[in-house]
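Asks: Okay, sequence plus prediction incoming.
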Amino acid sequence: MKFTPLALLAAVSIFILTACGKDEAPESAGATGNALLAYAPTGSPYLGGNLEPTPSEVIDGFLQKWEPVTTTLQSQLGSIRTQLENAPDATDTPHRLALSLLQELDGKFNRQGLESLGFDLQAHHVVYALGGAFPVARMGLGDAAALKATVQRVLERAGVNAPEVIFAGQAYWRLDSESLTLGAGESDSPVAIYIAIREDHLALGVFPDSVAGELLPLFLGTQKPQSSDAESRLQATSGKYGHTPYFSALVDLQLLADQFLAPGTALARALGSEYAAELETFGDTCKAEFREIISHAPRLVMGVTELQPAAIGMQYVVETDSTLAQQLAALLTDVPGADMQTSRLVDFSFGINVGALRDLLREKALAIVQAPYQCAKLQDLNERATEGLAQLEQPMPPLVNNFRGLRVSLSKLSVGQATPESAEGLIAVHVEQPEMFVGMAQMFLPDLSGLNLLKGEPPIPLPPNLMPIPDLVAFAALSDTAIGISVGAGEENALKPYLESKTPNNGKFLSVSYDTATYLDFTSSLSEGWQDPGQSNAEVVVDAIAGVDQEATAREITDALRQSYKAMANRSLVSIGFTENGLVIDSRMTFK
């Protein structure tokens with residue numbers, strides 16, 4: 001894979017986004033102090049930003065934790081530069097830019113170094129849609145003049161002539177590439193990336209030439225939108241879901257759909273004449289049916305729920321209409337949730353009423369069959385609903401129909417190449433009438449016929465001849481709602497309390513708490529086991545990043561990243577559930 005100007009620009013953009021600067025609170029700042037929110041026009045289909053900058057102690061804490069990684073990256077700069085210099089196409093503009101950028105970053109993988117480039121790691125920032133659909137990001141700067149000088153040094157060292165363009169007194173760069181076209185026949189206008197360094201912030205935007213004339217003044221800030229509701233929308237979102245002021249975001253799918261479905265929007269015009277002709281064939285019926293589908297899950301929301309040196313919490317919400325939210329909530333069972341405070345390697349819980357889920361899916365499929373979509377572009381949904389309804393009408397096996405949940409708690413896990421070699425822990429299968437399923441198992445496995453499992457009684461050892469591994473110690477026990485099995489010597493002592501656990505699931509149908517270092521070791525073994533023998537993972541990484549073949553360097557960087565991450569990470573917690581707002585995913589990572 002070779003460098004392209006676009007690939008380099010993407011890398012630089014990511015670097016900028018992750019090292020965004022501090023806004024100097026200009027006079028136009030709102031109640032939160034984030035003046036950049038005022039650039040986002042009212043009704044932006046997607047919107048994200050912070051109401052307050054990230055606390056300095058949090059930034060310093062994480063930079064300290066990542067120091068082993070940045071040290072390794074710094075040590076590898078010389079080797080990477082040598083390889084780029086010796087590459088066959090080292091004189092190409094992309095390689096010259098890469099070398100110039102590496103020279104600029106030399107010795108600056110730290111807070112002081114990044115700030116010397118013009119950034120400040122505390123930042124006000126905002127991301128929004130300009131012209132109804134095109135992305136724009138604004139990030140406050142610590143020193144705009146320093147950043148401008150940084151860009152000019154990189155370009156001059158690379159011998160790249162990229163003069164600034166002046167519009168209404170504001171300078172900017174415009175970068176494009178043939179690879180950024182929307183596709184043959186779909187648009188006659190290439191997409192370009194616009195970069196402007198204003199007196200207090202950096203602006204990045206992506207939009208096509210066909211609408212540049214109307215969007216450029218708004219992007220450059222020489223013209224402000226007639227109104228902005230960005231601050232009030234972010235405040236309402238973070239208040240509703242309990243997000244911190246450090247980041248919230250939303251995507252309004254209904255507003256975004258309107259940009260595609262209305263012929264007069266900037267997006268529709270940018271997509272070209274063929275799209276306009278196709279849009280005319282939609283008709284009001286198609287548009288209404290598309291909007292009706294979206295109305296069941298009209299908005300996506302995310303935000304930071306916790307941010308401190310010891311922990312980070314994130315939340316993701318797929319908002320649904322109230323009827324669907326109630327139907328989904330009715331699928332929840334009373335299966336205990338995972339113990340989020342446990343010290344075990346993994347504590348997992350999943351609980352769903354499979355029979356009720358089947359009924360809900362059948363109800364949705366039947367509704368489509370009885371009132372099929374009229375839009376020609378939605379006929380596949382009609383066919384799938386008919387096929388799905390036929391399958392859902394089939395009777396389910398008793399075990400599946402009466403299944404309520406599964407819990408797993410592991411105390412030990414031995415990982416081999418691509419698969420776990422052994423594990424010790426507890427398993428609970430939650431069903432209605434556990435005795436019935438024990439009886440069915442005894443019918444199919446005669447060796448279990450002498451197993452006298454009674455509810456609430458101490459665990460009973462399982463016959464050794466049923467164990468897949470010699471000398472494996474396993475016990476079974478029964479409760480009112482579950483069949484439990486322990487694996488490993490001593491685990492049977494915890495089986496009965498495990499089955500009797502009353503840990504609330506708090507409306508979550510899935511929850512898991514796991515040791516992050518163990519998870520990293522496990523995923524690392526999987527990647528090695530599935531690796532293409534003709535090309536190492538490290539070679540793939542280097543080929544994608546640098547366009548050169550340097551396995552040892554990539555492996556060292558990757559290993560340093562993993563080891564540093566393992567050293568600082570403690571536990572990861574994930575839960576997924578249904579609330580009156582829809583599907584909610586919460587994640588939390590704690591650090592040592």
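Replies: That came in fine, so what should we check first?
Asks: Just the mean pLDDT for the helix or strand that contains E274, thanks.
Replies: Per DSSP states H and E: E274 is located in helix 273-280. Helix 273-280 shows a mean pLDDT of 86.
Asks: Surely G213 is within a helix?
Replies: Yes: under the criterion used here (DSSP: H, G, I helix; E, B strand; the rest coil), G213 sits inside a helix.
Asks: max-length helix in this structure?
Replies: With DSSP state H setting the assignment, residue counts place helix 67-86 as the longest helix in the chain.
Asks: Do I have it right that L495 meets G484?
Replies: Yes: in this structure, L495 is within contact of G484 by Cβ atoms under 8 Å, at 5.2 Å. Where C-beta positions appear, they are placed from N, C-alpha and C, glycine not excepted.
Asks: list residues touching both of these two?
Replies: Common contacts of L495 and G484 (Cβ atoms under 8 Å, 6 or more residues apart in numbering): 426, 459, 477.
Asks: Sticking with the last one, tell me its helix or strand.
Replies: In the assignment (DSSP H and E), A477 maps to strand 474-478.
Asks: and that strand, what other elements does it pack with?
Replies: Counting contacts by 3 or more Cβ pairs under 8 Å, 6 or more residues apart in numbering; DSSP states H and E, the secondary-structure elements packed against strand 474-478 are helix 434-444, strand 460-461, strand 482-487, helix 495-499.
Asks: Quick one, which of these gets closest to Q112.
Replies: Using Cβ to Cβ as the criterion, the shortest distance between Q112 and the helices and strands packed on strand 474-478 is 51.1 Å, found for helix 495-499.
Asks: Quick one: name whatever helix or strand follows the closest one.
Replies: The helix or strand immediately downstream of helix 495-499 is strand 508-515, counting by DSSP H and E.
Asks: chain center to that next one, what's the gap?
Replies: The chain centroid and the centroid of strand 508-515 are separated by 17 Å under Cα atoms, centre = their mean, to the nearest Å.
Asks: Also stretch 41-54?
Replies: Relative to where its chain is centred, stretch 41-54 has its mean C-alpha point 18 Å off (Cα atoms, centre = their mean).
Asks: Give me the mean pLDDT for that stretch.
Replies: In the prediction, stretch 41-54 has an average pLDDT of 96.
Asks: Just the buried residues of it, please?
Replies: For stretch 41-54, the neighbour count (16 or more other Cβ atoms under 10 Å) marks 41, 43-51, 53-54 as buried.
Asks: In strands only, show me those residues.
Replies: Counting by DSSP state E, the members of the buried residues of stretch 41-54 that fall within strands are 46-49.
Asks: got any ranges where the protein has weak pLDDT?
Replies: Regions of the chain meeting the criterion pLDDT under 70 cover residues 1-32, 88-91, 177-189, 415-421, 442-450, 467-470, 525-557.
Asks: Quick check: buried residues in stretch 370-387?
Replies: Of the residues in stretch 370-387, those buried by neighbour count under the rule 16+ other Cβ under 10 Å are 373, 375, 378, 382, 385.
Asks: Restrict that stretch to CA atoms and write it as PDB.
Replies: Listed next in PDB are the C-alpha coordinates belonging to stretch 370-387 (Å, rounded to 0.1, in the frame of the first residue of the first chain):
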ATOM      1  CA  GLN A 370     -50.300  -7.700   6.100                       C
ATOM      2  CA  ALA A 371     -49.400  -4.200   5.100                       C
ATOM      3  CA  PRO A 372     -46.400  -4.500   2.700                       C
ATOM      4  CA  TYR A 373     -44.400  -1.500   1.700                       C
ATOM      5  CA  GLN A 374     -45.400   0.000  -1.600                       C
ATOM      6  CA  CYS A 375     -42.100   1.600  -2.400                       C
ATOM      7  CA  ALA A 376     -40.200  -0.400  -5.100                       C
ATOM      8  CA  LYS A 377     -36.900   0.000  -3.200                       C
ATOM      9  CA  LEU A 378     -38.400  -1.700  -0.100                       C
ATOM     10  CA  GLN A 379     -39.600  -4.800  -1.800                       C
ATOM     11  CA  ASP A 380     -36.700  -6.800  -0.400                       C
ATOM     12  CA  LEU A 381     -38.000  -6.000   3.100                       C
ATOM     13  CA  ASN A 382     -41.400  -7.500   2.100                       C
ATOM     14  CA  GLU A 383     -39.800 -10.700   0.900                       C
ATOM     15  CA  ARG A 384     -37.600 -11.000   4.000                       C
ATOM     16  CA  ALA A 385     -40.600 -10.500   6.200                       C
ATOM     17  CA  THR A 386     -42.500 -13.200   4.500                       C
ATOM     18  CA  GLU A 387     -39.600 -15.600   4.700                       C
END
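Asks: buried sites along the helix holding E274?
Replies: Applying a neighbour-count criterion of 16+ other Cβ under 10 Å, one finds 275, 279 buried in helix 273-280.
Asks: list the helices and strands it packs on?
Replies: Using 3+ Cβ pairs under 8 Å, 6+ apart as the contact criterion, the secondary-structure elements in contact with helix 273-280 are helix 266-270.
Asks: who touches the helix it packs on?
Replies: Applying Cβ under 8 Å, 6+ apart, the set of residues contacting helix 266-270 from outside is 131-134, 182, 187, 189, 207-208, 210-211, 214-215, 259-260, 262, 275-276, 279.
Asks: Out of those residues, which end up buried?
Replies: Neighbour counting over the contacts of helix 266-270 (16+ other Cβ under 10 Å) leaves 131-134, 182, 187, 189, 207-208, 210-211, 215, 259-260, 275, 279 as the buried ones.
Asks: from those residues, which single one is nearest T323?
Replies: Minimum separation from T323 among these (Cβ to Cβ) is found for F260, which lies at 25.8 Å.
Asks: how many neighbours does the residue nearest to that closest one when sequence neighbours are not counted have?
Replies: Take F260 and drop its neighbours on the chain: the residue closest to it by Cβ to Cβ, 6 or more residues apart in numbering is L267, 6.4 Å away. L267 sits with 22 neighbouring residues when counted by other Cβ atoms under 10 Å.
Asks: what's the most buried one of the helices and strands packed on strand 474-478?
Replies: Using mean count of other Cβ atoms under 10 Å, the stretch among the helices and strands packed on strand 474-478 with the largest mean neighbour count is strand 482-487, at a mean of 23.
Asks: Right, I'll leave it there.
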